[in-house]
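Asks: Give me the fold of what follows.
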Amino acid sequence: MEGLPTKDQLIKRNIQVGQNCSFCWAGIESHEHLFFIYPFSSSIWGKVSSLCSQGGGGPTTIQSAIAWLASSACADDMLDMVPKLAFCATVHYIWWERNRRLFENKVRTHDQIVEAIRLDVSIKCAAFSISVIQNPRNQFLADKWGLRVDWKTITQKTCAWFRPPANMTVLHCDGSLTVDRASYGGIICDATGAAIMAFVGNGDNNSVLSMELYAILRGVSFCVQNSQLQVSIRSDSKLAVDILNGVVSCPWNMQTLRDRISSIFHHLQRKEIKHVWREINQPADFIASMDTGDGEVIIYPPDFPPELVELIKNDYDRKVYFRNL
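Replies: As a prediction, the model looks like this:
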């Protein structure tokens with residue numbers, strides 16, 4: 001959005017144009033004014049927001065638009081694409097309307113633009129076979145946007161921490177990515193689930209996959225250093241597990257990291273790489289999200305925070321978790 005050549009941006013590039021907004025001809029045409037402050041645009045955002053969620057108004061600034069998108073697309077299912085597509089379509093059609101008025105002297109009402117956005121999103125969604133759980137949020141989106149949805153039947157499965165094959169050490173790994181921090185972490189346990197050590201560090205690559213893979217690299221390195229050469233490696237990143245098991249191709253920008261992991265695997269006498277659900281990877285998830293400052297930190301059980309001790313105990317006691325599929 002910020003790359004669009006609004007008049008204030010053109011003036012900064014020494015291009016001689018009038019600075020008045022192409023909609024109201026009063027305010028200075030900036031991204032904030034054109035897309036959010038001017039009532040015509042804000043009314044479009046309000047209507048689009050009402051199609052995406054049952055509460056709250058539309059965004060009023062670029063930052064609030066990002067926050068609105070994050071809160072509207074947080075269910076981790078296929079219908080998350082609806083607010084994302086709506087966001088892109090809204091920016092596109094507001095900009096298009098600005099150009100129509102400026103260069104073609106043509107005008108559409110905000111209701112016409114909202115309908116164009118709704119149709120645009122519906123057509124794009126029609127290209128996908130959408131299968132999601134039927135809940136109030138998903139039913140609302142399907143009804144408002146006129147989407148064809150295959151409603152899933154909810155099945156519930158149980159999961160619990162499980163022992164590795166005989167004589168193997170267990171390595172749980174995870175990566176974390178927030179707005180201002182990329183990090184990795186993991187925990188090494190014996191075959192009963194008792195913790196041996198944990199590690200956490202900051203990364204310099206803003207990719208969850210890279211942090212997931214780097215956590216495995218560091219965890220296996222610690223195992224090798226401590227002569228734990230038979231390792232059951234567990235991660236809740238199916239993509240990372242599939243890459244290391246050779247099930248899927250590795251992205252080109254992760255190949256160097258994958259090769260480093262493959263190289264250290266040669267030091268192991270036996271290994272297995274397993275995908276586990278998040279419910280039984282909670283200690284690694286907790287560790288990866290710990291902010292310990294710069295660098296990498298090794299933590300031993302006497303120094304574990306109480307929350308981590310409780311999570312490890314749940315695994316040790318084989319606490320059963322329920323997961324909807």
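Asks: For Val297, give its distance to Ser183.
Replies: From Val297 over to Ser183 the distance is 11 Å, taken as CB to CB, to the nearest Å. Quick note: C-beta positions are derived from backbone N, CA and C, even for glycine.
Asks: Between those two, which contacts overlap?
Replies: 200-201 (CB atoms under 8 Å, 6 or more residues apart in numbering).
Asks: Which secondary structure state does Phe199 sit in?
Replies: Classification of Phe199 using DSSP: H, G, I helix; E, B strand; the rest coil returns strand.
Asks: Touching, it and Gly219? I think so.
Replies: Yes: assessed by CB atoms under 8 Å, Phe199 is found in contact with Gly219 at 7.0 Å.
Asks: check contacts around Trp68.
Replies: Contacts of Trp68 by CB under 8 Å, 6+ apart are 49, 56, 58-59, 87.
Asks: in stretch 290-307, what's buried?
Replies: Using 16 or more other CB atoms under 10 Å as the test for burial, stretch 290-307 gives 290, 297, 299, 304.
Asks: Stretch 244-254 too?
Replies: Neighbour-count burial for stretch 244-254 [16+ other CB under 10 Å]: 244, 250, 254.
Asks: nearest to Ala70, of those residues?
Replies: For the buried residues of stretch 244-254, the residue nearest Ala70 by CB to CB is Met254; the value is 25.2 Å.
Asks: Need the per-residue pLDDT for that closest one.
Replies: Here the pLDDT value assigned to Met254 is 93.
Asks: Now do it against Arg218, distance only.
Replies: 15 Å.
Asks: One more: Leu239?
Replies: Taking CB to CB, one finds Leu239 at 18 Å from Arg218.
Asks: number of nearby residues for the closest residue to Asn206 other than its chain neighbours?
Replies: In space, Asn206 comes closest to Ala182 once its chain neighbours are excluded; the distance is 5.3 Å by CB to CB, 6 or more residues apart in numbering. By the measure other CB atoms under 10 Å, the count of residues near Ala182 is 20.
Asks: what about the helices in the chain?
Replies: Along the chain, counting by DSSP state H, helices occupy 7-12, 31-32, 39-52, 62-72, 81-99, 110-125, 136-145, 208-225, 238-244, 255-265, 282-288, 306-316.
Asks: Just the endpoints, please. Distance across stretch 226-238?
Replies: For stretch 226-238, the first-to-last residue distance is 27 Å (CA to CA, to the nearest Å).
Asks: rewinding a little: between Leu239 and Arg218, which one's more packed in?
Replies: A direct count of neighbours by other CB under 10 Å for Leu239 and Arg218 places Arg218 higher, at 21 against 18.
Asks: Please name the residues that touch the nearest residue to Ala166 once chain neighbours are set aside.
Replies: Excluding the flanking residues, the one nearest Ala166 by CB to CB, 6+ apart is Ala191, at 7.4 Å. Neighbouring residues of Ala191 by CB under 8 Å, 6+ apart: 163-164, 166-170.
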